[in-house]
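> below is the sequence, then the predicted model.
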Amino acid sequence: GVGAGGAPGEAEARAEDVAKVVRGGHGFAFELYSRLAAEREGNLFLSPSSIRTALAMTWAGARGRTAQQMADVLRLDLPPEQVHAALAKLVADLNDPATDDEGKPYYELAVANALWGQAGYPFHEDFIRLLGHRYAAGLEQVDFLKAPEAARRTINRWVEEQTRQRIRELIPEGVIDDETRLVLTNAIYFLGGWTHTFNERATRPDTFHLPDGTATRVPMMRQTQRLRYMEDEHVRMLELPYQGGELSMLVLLPRQGEGNPGEALRALQRRLDGEALERWTGALRPRQVEVKLPRFSFTSELRLDEVLQAMGMEDAFIFRRADFTGIASIEELFIDAVLHKAFVKVDEEGTEAAAATAVVIATRAAMDPPTAFHADRPFMFLIRHDESGEILFMGHVTEPEEE
């Protein structure tokens, strides 16, 4: 894709660099997720991939201790040029979905990141060039000084367009004012149909156990299918592939241990890190599975300033301590807000599916009775790009709701 190849004389990203950046991304994703999960009740959904890519773009303009803190939190442990090349390659791969015989993409995936800065600033050309070249995204100029509200609307409109109107009002009123100099936005959109769709006629109300142990009734989708599955003493994990074979959803169901379903979920969240994920995905094996999965759709709205500071990215948010001299030298810049909003819809057809059809006709030899995988209590889920391992989205459902 555009921007991935690099200028003449610049190395294409090495496969091992991309792998290293992805592995670092897992560390960032799980730490961010576990901190957010610990302080929030209810369902949670976010895109660690989008947040990290956008922050890496900001990091391109950071210097000194600010840059070091950002690199540590984002787990970017390669020289900057190699990091940007690897992330560019990753984004190019994600934006290049598998196609069917007629050349139609199996799924839609769009990653959108941008930085918004005060008009009239003498931004450093090499910073602008790097963002344009590696991320196909420039720094957008708006007038926070004279028209902060218009700037806010401009940014929100851009995000809406990038996410097919799914994410509205990313930046709420009052966040931007005439002292704002730099705003970071990120948005991601995914639309994919299941390889094995659920028959809508099979969906019916069933019991779901809430975190506190009480029960409720929710629309539960069901199918029996040959799918990749694993279990150990802590977790049962199921892989639900999307059409095209490049993306899948991993559903992680805590084992019914001590305590209520909420405590079981928290125990699983504590256990999940990059190593655990690698071990568990490595143990996935095909088997006949009787699946029950609730339909759900919800939006999470996150303000990430505090959690990123708690993770160690302190200086970037503090006036006079932040060093963004790689962006501009005229005035001392700092990050004023990092806002993230994510929407998910899972139904019989797929994930945020407008329209998709799959007719799978198959026959199989007689086999053992299917393994039951009933997501009838709080569970975690991840949507990942299988080839690279990049975690595009992750979250958990404590109570299935439909927007």
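Perfect, I can see it now.
> from now on I want contacts and neighbour counts done on CA atoms only, so please keep to that.
Fine.
> pull the number of nearby residues for the nearest residue to Thr195 once chain neighbours are set aside.
Distances taken as Cα to Cα, 6 or more residues apart in numbering place Gln243 nearest to Thr195, at 4.5 Å, with adjacent residues excluded. Counted by other Cα atoms under 10 Å, the residues lying close to Gln243 total 24.
> show me what contacts Gln243?
106-107, 192-195 (Cα atoms under 8 Å, 6 or more residues apart in numbering).
> what about Ile171, which SS state?
Under DSSP: H, G, I helix; E, B strand; the rest coil, Ile171 falls in the coil class.
> count of residues packed around it?
22.
> ok, it touching Thr154?
No. Contact criterion Cα atoms under 8 Å: Ile171 and Thr154 do not qualify, at 10.4 Å.
> quick one on the thing from earlier: possible to save the contacts of Gln243 as JSON lines with neighbour count, distance to Ser34 and pLDDT?
Output for these, formatted as JSON lines (neighbours: other Cα atoms under 10 Å; distance: Cα to Cα, whole Å; pLDDT from 0 to 100):
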{"residue": "Tyr106", "neighbour count": "20", "distance to Ser34": "32", "pLDDT": "91"}
{"residue": "Tyr107", "neighbour count": "23", "distance to Ser34": "29", "pLDDT": "90"}
{"residue": "Gly192", "neighbour count": "25", "distance to Ser34": "26", "pLDDT": "90"}
{"residue": "Gly193", "neighbour count": "26", "distance to Ser34": "28", "pLDDT": "92"}
{"residue": "Trp194", "neighbour count": "26", "distance to Ser34": "28", "pLDDT": "95"}
{"residue": "Thr195", "neighbour count": "20", "distance to Ser34": "30", "pLDDT": "95"}
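> strands - which of those residues land there?
107, 192-193 (DSSP state E).
> just put the residues you listed in TSV and tack on distance to Leu78.
Shown next, in TSV, are the ones in strands among the contacts of Gln243 (distance: Cα to Cα, whole Å):
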residue	distance to Leu78
Tyr107	31
Gly192	33
Gly193	36
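> what about the closest residue to Phe190 other than its chain neighbours, helix or strand, and which?
In space, and not counting its chain neighbours, Phe190 is closest to Leu109: 4.4 Å by Cα to Cα, 6+ apart. Assigned by DSSP states H and E, Leu109 belongs to strand 107-118.
> what sits up against that strand?
Strand 107-118 has contacts (Cα under 8 Å, 6+ apart) with 50, 53-54, 58, 91, 94-95, 97-98, 137-145, 155, 159, 162-163, 180-193, 243-244.
> switch to 6 Å and redo it
54, 95, 139-143, 181-192 (Cα atoms under 6 Å, 6 or more residues apart in numbering).
> kindly supply the ChimeraX command isolating those of these that are buried.
Remark: buried members of the contacts of strand 107-118, expressed as a ChimeraX selection using 16 or more other Cα atoms under 10 Å:
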select :54,139,142,143,181,182,183,184,185,186,187,188,189,190,191,192
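> about what we covered before: distance check, the residue nearest to Thr195 against Trp158.
Gln243 sits 29 Å away from Trp158, taking Cα to Cα, to the nearest Å as the criterion.
> returning to what we had before: how much distance is there from the strand holding Leu109 to the middle of the chain?
Centroid separation for strand 107-118 versus its chain: 13 Å, with Cα atoms, centre = their mean, to the nearest Å.
> orientation of the next helix or strand after it relative to strand 107-118 in degrees?
Moving toward the C-terminus from strand 107-118, the next helix or strand (DSSP H and E) is helix 125-135. Inter-element angle recorded for helix 125-135 and strand 107-118: 170 degrees (by axes from the mean of the first three to the mean of the last three Cα atoms, to 10 degrees).
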